[in-house]
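Trainee: predicted model and sequence follow; I will ask about them next.
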Amino acid sequence: SKGVTHVDIFPIQMAARTPLQNSPRVFLGLLFGFLLGGSGLGLGLVAGKRVVTGKVHVLDKDTFEHDTQASTGATTGDWFVKFYAPWCGHCRKLEPTWEGLAKKLKKKVTVAKVDVTANQVLGQRFDIEGFPTLLFFHNGKMYKYKGKRSLDALEKFALGGYNRVEGKDVPKAPSVIITFLLDLFEQYTKLLNTNMPLALGIIVGFSFALALLIVLVLICVCDPPKAAGSMEEKKDSKDAPKPETKKDK
């Protein structure tokens with residue numbers, strides 16, 4: 001009967017569909033799942049995770065904003081960050097005190113440090129001019145510590161003493177382009193210190209390429225192609241009447 005025929009043919013038709021014909025539905029399902037999972041992951045990354053371990057947390061240019069959320073509402077709590085240089089004697093002297101501060105402020109304030117020599121982008125962002133520079137971050141504001149570097153004094157500052165200091169808005173993280181350019185400059189500076197001939201060779205090559213590009217642009221601007229005009233001139237010369245000769249007379 002027609003009903004039986006329809007039932008028998010329907011599975012055959014479905015089975016006859018090629019993987020390519022079924023792929024749009026599968027692709028849309030996978031895409032939806034990926035976007036849903038990715039959005040959840042993205043929210044988790046934005047929200048961040050409070051890092052309070054009783055140990056000094058190491059930050060760099062890639063993890064600073066994600067971990068601290070300093071300029072986006074400080075959702076991960078208060079942070080007390082030491083900006084230092086490995087060669088700085090005062091920084092090395094402060095190291096045991098800074099580690100002790102991390103233990104005393106456990107579950108209250110996250111104590112961290114940033115090596116500015118390896119993260120010049122952060123040094124420029126927070127206008128670090130000397131070492132060590134101690135900045136306390138609270139609710140989108142930063143407070144610079146200028147008192148004694150004793151354990152008790154640092155603890156009192158982190159637990160409320162910062163309110164006696166004028167706070168400044170935390171500078172926004174630089175754009176991707178600015179970060180790339182600063183990273184490029186940082187890498188070149190390191191190369192200049194380790195391999196000066198190669199660094200100078202890169203500058204000479206770049207300068208030559210830039211000069212060549214400028215020359216080509218000037219040639220194109222000052223002397224545009226005349227192919228079209230010359231073709232029209234040739235056409236007009238063909239169509240123009242030829243002068244009479246003695247034979248034509």
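Mentor: Cool, the structure landed.

Trainee: tally up the residues packed near Ile214, please.
Mentor: 10 (other Cβ atoms under 10 Å). All C-beta atoms are positioned from the backbone trio N, CA, C, and that covers glycine.

Trainee: with Val58 instead?
Mentor: Around Val58 there are 11 residues (other Cβ under 10 Å).

Trainee: please name the bridge partners of it.
Mentor: Beta-bridge partners recorded for Val58 (DSSP bridges): Lys113.

Trainee: any regions of this structure where pLDDT drops low?
Mentor: Residue ranges of the chain with pLDDT under 70: 1-52, 73-74, 175-188, 190-192, 199, 223-249.

Trainee: make it 80
Mentor: Within the chain, the stretches with pLDDT under 80 are 1-53, 72-75, 174-204, 206, 208, 221-249.

Trainee: please enumerate the strands of it.
Mentor: For the chain, strands defined by DSSP state E occupy the ranges 57-59, 79-84, 110-115, 133-138, 141-145, 168-169.

Trainee: and Ala158, which of the ones you listed is closest to it?
Mentor: Smallest distance to Ala158 across the strands of the chain (Cβ to Cβ): 5.0 Å, for strand 79-84.

Trainee: C-alpha coordinates for the closest one, CSV please?
Mentor: Below are the C-alpha coordinates for strand 79-84, written out as CSV (Å, rounded to 0.1, in the frame of the first residue of the first chain):
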residue,chain,number,x,y,z
TRP,A,79,46.6,43.7,45.3
PHE,A,80,49.9,44.9,46.7
VAL,A,81,52.5,44.8,43.8
LYS,A,82,56.2,45.4,43.9
PHE,A,83,57.8,46.6,40.7
TYR,A,84,61.5,45.7,40.8
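
Trainee: got JSON lines for the strands of the chain, with distance to Ala102 too?
Mentor: Output for those, formatted as JSON lines (distance: least, Cβ to Cβ, whole Å):
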{"stretch": "strand 57-59", "distance to Ala102": "8"}
{"stretch": "strand 79-84", "distance to Ala102": "9"}
{"stretch": "strand 110-115", "distance to Ala102": "4"}
{"stretch": "strand 133-138", "distance to Ala102": "13"}
{"stretch": "strand 141-145", "distance to Ala102": "15"}
{"stretch": "strand 168-169", "distance to Ala102": "24"}
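
Trainee: the ones you listed: which one's closest to Ile202?
Mentor: Closest of the strands of the chain to Ile202 is strand 110-115, at 25.6 Å (criterion: Cβ to Cβ).

Trainee: the closest one to strand 79-84, inter-axis angle?
Mentor: 20 degrees (axes from the mean of the first three to the mean of the last three Cα atoms, to 10 degrees).

Trainee: elements contacting strand 110-115?
Mentor: When contacts are defined as 3 or more Cβ pairs under 8 Å, 6 or more residues apart in numbering; DSSP states H and E, strand 110-115 packs onto strand 57-59, helix 64-68, strand 79-84, helix 89-104.

Trainee: hey, which of those is tucked in deepest?
Mentor: strand 79-84 (a mean of 24; mean count of other Cβ atoms under 10 Å).

Trainee: neighbouring contacts of that strand?
Mentor: 59, 68, 70, 91, 94, 98, 101, 105, 109-116, 122-123, 126, 128, 131-137, 154, 158 (Cβ atoms under 8 Å, 6 or more residues apart in numbering).

Trainee: pairing partners for that strand, with directions?
Mentor: Strand 79-84 has the following strand partners under DSSP bridges: strand 110-115 (parallel), strand 133-138 (antiparallel).

Trainee: buried residues in the last one?
Mentor: Of the residues in strand 133-138, those buried by neighbour count under the rule 16 or more other Cβ atoms under 10 Å are 133-138.

Trainee: looking at the strands of the chain, which is nearest to Val204?
Mentor: Closest to Val204 of the strands of the chain, according to Cβ to Cβ: strand 110-115, at 31.8 Å.
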